[in-house]
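Chemist: Return atomic coordinates for the entry below.
(one chain, ligands or ions: 1)
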Amino acid sequence: MHLSRKVFMTAQAPLVLILLGPPGAGKGTQAKMLENRVHLPHISTGDLLRDHIRQATELGQRAQTYMNQGHLVPDELILDMLFARVSLKDCDKGYILDGFPRTIPQAQALQQQLKGHPLPIVVNLDLSDTEVIKRLSNRVTCEKCGTPYHLLYSPPQTSGKCDKCSGNLIQRPDDREAVISKRLKVYHDQTEPLIAFYAEQKLLHTVNCAASQESVFTQLLTLITTKT
Ligand code: AMP
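Modeler: Residues are numbered from 1 along each chain as shown. Next up, the predicted model:
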């Protein structure tokens, strides 16, 4: 049976998938591919924050300074925003979290919210710092539809333009080299401890992201299918 069909037909409880991993590991790309295949919404706290910035909301204005410097946005700003999003109807059957949780208190807040129903599937997308720097410094995104490109590995057909919608391709302000090293340090200090946190609860799976996008995707699909 086609994997996506099996996921859909066998999933009784909602499915909450958490993608952990350093910036640039491909969490957003994999989450988008999974969203299309298993029809669960991809919830990226980074995207939610960037929407707030675009709409110049108070939250967006407060978050922007932290983001541009490569710092984490304080938990109290993130938690309400995330829980409001996952309480929407489209998350009833579950959702795919990308970029959340990023701190132990965020993970504990999510645990309290879920109360063990369901237990999340947690996947650490593992990638070395050297590869992170190579990936992020060459990453561009369509400003219109959000499609990601990599100037070395998956360049657009026309330089500077999105293949799908012809929107302009831009580099995120926090993908500049000076900010990348800050983000990596923040990742190691504040987010990496989540690996041990979820390993202790026997919820952690690891996928090596140095492999091709397709291979990582297949491993994720297999994992979801066998765990539901
Ligand atoms: P991302 O798009 O996931 O790489 O996130 C971009 C930036 O948004 C991060 O560097 C943080 O400044 C902020 N951010 C995203 N998600 C979170 C989160 N769960 N907690 C705190 N800050 C976050």
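
Chemist: what about residue 196, how many neighbours?
Modeler: Residues near residue 196, counting by other CB atoms under 10 Å, number 11. All C-beta atoms are positioned from the backbone trio N, CA, C, and that covers glycine.

Chemist: The strand or helix carrying it and the ligand in contact?
Modeler: Using DSSP states H and E, residue 196 sits within helix 193-200. No: judged by CB under 6 Å from any ligand atom, helix 193-200 stays clear of the ligand, getting no closer than 10.7 Å.

Chemist: Return the list of helices and strands in contact with that helix.
Modeler: strand 15-20, helix 104-114, strand 121-126 (3 or more CB pairs under 8 Å, 6 or more residues apart in numbering; DSSP states H and E).

Chemist: Quick one: mean pLDDT for the longest one?
Modeler: Mean pLDDT, helix 104-114: 96.

Chemist: Show me what that helix is packed against.
Modeler: helix 75-86, helix 193-200.

Chemist: Okay, buried residues for the longest one please.
Modeler: For helix 75-86, the neighbour count (16 or more other CB atoms under 10 Å) marks 75, 77, 78, 79, 81, 82, 85, 86 as buried.

Chemist: what's the pLDDT at the fifth one?
Modeler: This means residue 81. pLDDT, residue 81: 97.

Chemist: now residue 6
Modeler: For residue 6, pLDDT reads 48.

Chemist: which bits of this structure sit near the ligand?
Modeler: For the chain, the residues in contact with the ligand (CB under 6 Å from any ligand atom) are 23, 44-46, 49, 66-67, 70-73, 78, 99-100, 102, 106, 174, 183.

Chemist: Give me the buried entries from these.
Modeler: For those, buried by 16+ other CB under 10 Å: 23, 44-46, 49, 67, 70, 72-73, 78, 99-100, 102, 106, 174, 183.

Chemist: Closest one of those to the ligand?
Modeler: residue 46 (2.0 Å; CB to the nearest ligand atom).

Chemist: where does this structure have its least confident helix or strand?
Modeler: helix 3-10 (a mean of 46; mean pLDDT, DSSP states H and E).

Chemist: Name all residues that make contact with the closest residue to residue 164 other than its chain neighbours.
Modeler: Computed as CB to CB, 6 or more residues apart in numbering, the closest residue to residue 164 that is not its neighbour in sequence is residue 147, at 5.5 Å. With contacts defined as CB atoms under 8 Å, 6 or more residues apart in numbering, the neighbours of residue 147 are 141, 162, 163, 164, 165.
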